[in-house]
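Enquirer: quick one, what's the 3D model for this:
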Amino acid sequence: MDDRPPVPPTGPPAEPSAEQEVPVCPRHPDRESYVRCQRCRRPVCPECQRPAAVGVQCVDCVREGQKSVRQARTVFGGTVTDGRPVVSFTLIGMCVVVYLFQQVMPGLTGDISFVPALGESQPWRFLTSAFAHGPIFHIAFNMYALFLMGQYLEPMLGRARYIALYLLSAVGGSVVYLLLSGPSSTYAEAVAGQGVGWWTPAVGASGAVFGLFGAYLVLQRRLNRSAAGMYVIIGINAVIGFVYPNIAWQAHLGGFVVGAACAAAIGYLGRAKSMTERGRPTVHWAALAGIGVVLVVLAVARYALA
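Expert: Numbering: from 1, shown residues only. Have a look, this model is predicted:
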């Protein structure tokens, strides 16, 4: 037996194998990491680590996993939110800001109010008029109603469908106000009392708010829920619109009809069967787009016949 000690190797040291290389994060190659993603087994640095059920995952695997998870949907196919009526708060804030500007810029109201005689050449008035208001009680009532209805309808419909409902109702109020206004050839004739409605400006979110009222009735019926209290509110406001002067009941009527039509399209076309089902959103948006086209056609036809 040879009891001599082993002879140390001579020559340059061997290169480290791939298994001996220092692991680095794929997204940050300058950072060593001995922690591996539980899904792809790649090294992951602290910045790229995301907590998982067991261990951690890298941001890439988390992103891929989210693509395969169905997003929760409301009963009418909208995206489930945290319940806060963000869109309603935003609309209220916009109306308040515009109202404050109206107080310091007297000409602003005339520039954005809806005037049937000017709508053909300045079509933005069909929508901008819904953000302007008259006396303080006017904006106070509309914003209070928007706050109440938004807390219920926005989480139910999802923010995208809710804003579409609101804006279409606002435009619908202006279109019906246009349809029911008597034309006059000149502004002087309007001042003299001939076709005053053609030159009478209208402002306020009342058309859009009445659209929310109409939508509420339709959706409550679709869900087999009671809406008795809303009938009383609508009845009172309808009477006020005819009793008190300078209230555009035509815009209330238009907003209500358009809002109910939008809600019918959302509630009865492609309703989702579960909280994770998308339903048929394409049908919803096609129907809402169709309502918008009808409003445009009605406005164009009215001006063509004026």
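
Enquirer: so which helix or strand takes in Gln57?
Expert: Assigned by DSSP states H and E, Gln57 belongs to strand 56-58.

Enquirer: residues making contact with the next helix-or-strand element following that strand?
Expert: As assigned by DSSP H and E, the chain's next helix or strand after strand 56-58 is helix 59-67. Residues outside helix 59-67 that contact it (Cβ atoms under 8 Å, 6 or more residues apart in numbering): Arg27, Cys37, Arg39, Cys40, Cys48, Arg50, Gln57. Yep, even glycine has a C-beta here, placed from its N, CA and C like the rest.

Enquirer: max-length helix in this protein?
Expert: Looking across the chain with DSSP state H, the single longest helix is helix 281-305.

Enquirer: give the buried residues for that helix.
Expert: Pro281, Val283, His284, Ala287, Leu288, Ile291, Gly292, Leu295, Leu298, Ala299, Arg302 (16 or more other Cβ atoms under 10 Å).

Enquirer: what's the answer for stretch 139-159, then?
Expert: For stretch 139-159, using 16+ other Cβ under 10 Å, the buried residues are 139, 141-143, 145-146, 148-150, 153-159.

Enquirer: just those residues: which are in strands?
Expert: Nothing among the buried residues of stretch 139-159 maps onto strands, per DSSP state E.

Enquirer: average pLDDT across the helix or strand encompassing Phe126?
Expert: Applying DSSP H and E as the criterion places Phe126 in helix 125-128. Averaged over helix 125-128, pLDDT sits at 96.

Enquirer: list the contacts of that helix.
Expert: Contacts of helix 125-128 (Cβ under 8 Å, 6+ apart): Ile112, Ser113, Phe114, Val115, Leu118, Gly119, Leu167, Ala170, Val171, Ser174, Val175, Ala299.

Enquirer: try 6 Å this time
Expert: Ile112, Phe114, Gly119, Ala170, Val171, Ser174 (Cβ atoms under 6 Å, 6 or more residues apart in numbering).

Enquirer: pick the one among the residues you listed closest to Val258.
Expert: Val171 (7.6 Å; Cβ to Cβ).

Enquirer: pull the contacting residues for Cys25.
Expert: Applying Cβ under 6 Å, 6+ apart, the residues near Cys25 are Arg31, Ser33, Pro43, Val44, Cys45, Cys48.

Enquirer: now Gly254, nearest residue through space, not along the chain?
Expert: The shortest distance from Gly254 to any non-neighbouring residue, by Cβ to Cβ, 6 or more residues apart in numbering, is to Val176 (2.6 Å).
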